[in-house]
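Got a sequence here, can you build the structure:
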Amino acid sequence: MAGMVIWSVLLAAIALGWVLRHRAISRGLRSAMALSEGNFVGPVAEAPRVSVLIAAKDEEANIEPAVRTMLDQDYPNFELIVIDDRSTDRTGQILDALRAERNDDRLKVVHVRELRDGWFGKNNAMREGVAIAEGEWLCFGDADCRQTSRRTLSTAVRYAVAENIDFLSLLPQLEMHGIWEKIIQPVCGAVMVYWFQPATVNDPDSPEAYANGAFMLMKRSCYEAVGGHEVVRTEVNEDMAMARLAKRKGQRLFVIQNDGLYTVRMYTTFRQIWRGWSRIFYGCFGSFRRLRLTAIMLAVMNIIPYASLLLAGGAVLVNGWTAAGAGWQAVGVCSLLAAVAQQSVIVRFYRLSKVGGWLGPTFVLGAVICVGILISAMFKLGGRSTTNWRGTIYRASTVVKS
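The predicted structure is shown next:
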């Protein structure tokens with residue numbers, strides 16, 4: 001009986017924890033800000049030179065819209081350097097065709113044929129791009145990003161200059177079309193929001209740092225202060241590593257949401273989602289302690305209430321409500337309260353995230369899968385499993401096969 005009491009108390013505490021999350025969401029909404037083209041009209045009056053750098057490895061499905069939408073930006077003083085990183089598909093051919101078609105001096109294409117010893121792929125590619133970059137500001141992006149506004153670059157540069165920001169990370173809006181994307185990625189995104197809240201990251205007195213490689217705008221002086229890609233050459237998540245270094249060096253780091261500026265579709269298949277988020281968690285958290293704590297938190301807050309509800313429901317179904325006893329009755333009521341409280345928060349979170357509240361019931365399945373992804377990240381962190389990313393295989397800080 002004592003065990004049932006403890007079980008019920010735990011479930012009641014979980015329910016209370018979810019109720020309190022409503023207050024956290026409301027507080028976050030009051031302080032939240034998203035950058036949109038309406039924030040600033042037109043480019044900076046005296047536009048500093050910006051070098052936009054995109055590394056592409058086997059991105060034939062994405063590279064053309066990424067290049068076209070960036071070249072269509074209204075910013076008056078930028079160059080676009082696209083680095084074809086040892087692609088085995090048509091990425092290099094598409095880039096050469098675009099350069100010939102556009103006949104635009106702003107577009108420069110670099111072909112990397114071999115991976116430099118002691119370097120990870122994307123970091124090596126970006127280093128090659130920076131070597132020919134002329135900009136006073138450097139803007140690092142991904143090949144799967146699509147600009148949905150012609151003012152993305154102008155808006156970001158104006159904001160960074162106006163707010164005296166050294167390193168601005170403009171967070172992406174995610175495109176999710178497949179069912180696994182919609183089930184798993186919101187859970188993974190919620191984990192990242194929990195640990196890396198913009199208000200904390202943007203506080204210069206807080207050591208917490210975060211950046212998203214989809215759009216990182218930084219002064220060249222900031223890039224040089226952190227040591228460039230040389231110091232992160234063996235980092236799987238170089239964006240996070242550079243953010244941490246920038247904050248330690250006293251650079252002003254700032255993270256902000258975007259509203260209607262650009263989108264990215266991160267992954268399209270279950271396998272890609274598993275591999276990609278394993279890599280992200282492994283690189284972002286960087287410690288067994290945080291990975292374990294996140295997995296435990298997900299299991300306790302999301303899986304235990306539903307598992308308890310099923311067990312209590314089974315006991316009542318087999319024995320009847322009265323015969324099941326006070327213990328199972330208490331577990332059933334408390335687990336139901338916890339599940340309802342969780343759903344009220346998740347549905348609200350999904351609506352705010354423009355995912356769709358109807359997907360709320362799938363969060364528990366996403367949480368189960370996310371726990372598995374976190375365990376996979378632990379194996380990667382310990383070097384007991386490898387990371388296969390765009391055809392290059394890594395184990396911890398070593399390239400196994402390129």
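
What are the buried residues along the longest helix seen in the chain?
Secondary structure of the chain read by DSSP state H shows that its longest helix is helix 321-352. Residues of helix 321-352 classed as buried: 324, 327-332, 334-339, 341-343, 345-350 (neighbour count, 16 or more other C-beta atoms under 10 Å). Bear in mind the C-beta positions are built from the backbone N, C-alpha and C, glycine included.

wait, residue 110 sits on residue 86?
No. Judged on C-beta atoms under 8 Å, residue 110 makes no contact with residue 86 at a distance of 11.6 Å.

Could I get the pLDDT score of residue 287?
At residue 287, the model reports a pLDDT of 84.

How about residue 320?
75.

And for residue 215?
In this model, residue 215 is scored at 97, pLDDT.

beta partners of the residue nearest to it when sequence neighbours are not counted?
Counting by C-beta to C-beta, 6 or more residues apart in numbering, residue 215 lies nearest to residue 170, which is 4.2 Å off, once chain neighbours are set aside. Taking DSSP bridges, one obtains residue 256 as the residues bridged to residue 170.

number of nearby residues for residue 170?
By other C-beta atoms under 10 Å, the residues close to residue 170 number 27.

now swap in the one 3 residues further on and tell me
Per other C-beta under 10 Å, the neighbour tally for residue 173 reads 17.

Return the residues in contact with the nearest residue to it once chain neighbours are set aside.
Closest residue to residue 173 apart from its sequence neighbours, by C-beta to C-beta, 6+ apart: residue 263 at 4.8 Å. The neighbourhood of residue 263, defined by C-beta atoms under 8 Å, 6 or more residues apart in numbering, consists of 145, 146, 148, 172, 173, 174, 175.

Of those residues, which belong to strands?
Among these, the members found in strands (DSSP state E) are 145, 146, 173, 174.

Just the pLDDT at the second one, thanks.
Looking back up the chat, that one is residue 146. 96.

Where does the prediction get shaky in the stretch 101-250 of the chain?
Of all residues in the stretch 101-250 of the chain, none has pLDDT under 70.

quick one: the helices in it?
Counting by DSSP state H, counting those that start in this stretch, the stretch 101-250 of the chain has helices at residues 121-130, 152-162, 179-195, 198-201, 220-226, 238-248.

Can I get the fourth one in PDB, CA atoms only?
It refers to helix 198-201. Taking C-alpha atoms only, helix 198-201 is exported to PDB below (Å, rounded to 0.1, in the frame of the first residue of the first chain):
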ATOM      1  CA  PRO A 198      16.700  32.700 -25.500                       C
ATOM      2  CA  ALA A 199      16.300  35.000 -22.400                       C
ATOM      3  CA  THR A 200      19.100  33.100 -20.600                       C
ATOM      4  CA  VAL A 201      21.300  32.800 -23.700                       C
END
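
List the buried residues in that helix.
Quick answer for helix 198-201 (16+ other C-beta under 10 Å): 198, 201.

I'd like the average pLDDT over stretch 301-313.
93.

Pull out the buried positions in that stretch.
For stretch 301-313, by 16+ other C-beta under 10 Å, it's 301, 302, 304, 305, 306, 308, 309, 312, 313.

State whether the residue nearest to residue 215 and residue 160 are indeed in contact, as I suppose.
No. Look at residue 170 against residue 160 with C-beta under 8 Å: they stay out of range, at 9.5 Å.

Tell me the residues that contact both of the two, please.
The contact sets of residue 170 and residue 160 overlap at residue 217 (C-beta under 8 Å, 6+ apart).

tell me the strands in this protein, going along the chain?
Using DSSP E, strands in the chain cover 34-35, 50-56, 78-85, 107-112, 137-142, 145-147, 167-171, 173-174, 215-219, 253-258, 262-264, 387-389, 392-395, 398-401.

Name the strands paired with the first one and say parallel or antiparallel.
Here the strand partners of strand 34-35, with direction, are listed using DSSP bridges: strand 253-258 (parallel).

cool, the fourth one as well?
Strand 107-112 has its sheet partners listed here by DSSP bridges as strand 78-85 (parallel).

quick check: mean pLDDT across the strand it pairs with?
97.

I'd like to check the angle between it and helix 121-130, please.
140 degrees (axes from the mean of the first three to the mean of the last three C-alpha atoms, to 10 degrees).

And the contacts of strand 78-85?
Applying C-beta under 8 Å, 6+ apart, the contact partners of strand 78-85 are 49-57, 63, 67, 70-71, 91-92, 95, 106-112, 121-122, 124-126, 128-129, 132-135, 139, 143, 153, 390.

hmm, back to that, which of the ones in strands among the contacts of residue 263 ranks first by neighbour count?
Counting neighbours by other C-beta under 10 Å, residue 145 leads the ones in strands among the contacts of residue 263 with 22 neighbours.

of the ones in strands among the contacts of residue 263, closest to residue 225?
Nearest to residue 225 out of those is residue 145 (C-beta to C-beta; 25.6 Å).

What distance do you get for the closest residue to residue 306 other than its chain neighbours to residue 310?
Nearest non-adjacent residue to residue 306, counting by C-beta to C-beta, 6+ apart: residue 364, 5.2 Å away. Shown here: residue 364 relative to residue 310, a distance of 11 Å by C-beta to C-beta, to the nearest Å.

per the record, what domains does the chain have?
The chain breaks down by automatic domain parsing into domains covering 2-27+288-401, 34-172+212-266.

Buried ones among the contacts of strand 78-85?
For the contacts of strand 78-85, buried by 16+ other C-beta under 10 Å: 50-57, 63, 67, 70-71, 91-92, 95, 107-110, 112, 121-122, 124-126, 128-129, 133, 135, 139, 143, 153, 390.

For residue 249, which non-adjacent residue is closest in space?
Per C-beta to C-beta, 6+ apart, closest to residue 249 is residue 225, 4.9 Å.

and the one you found, what does it touch?
Contacts of residue 225 (C-beta under 8 Å, 6+ apart): 246, 249, 251.

Show me which of those residues are buried.
246, 251.
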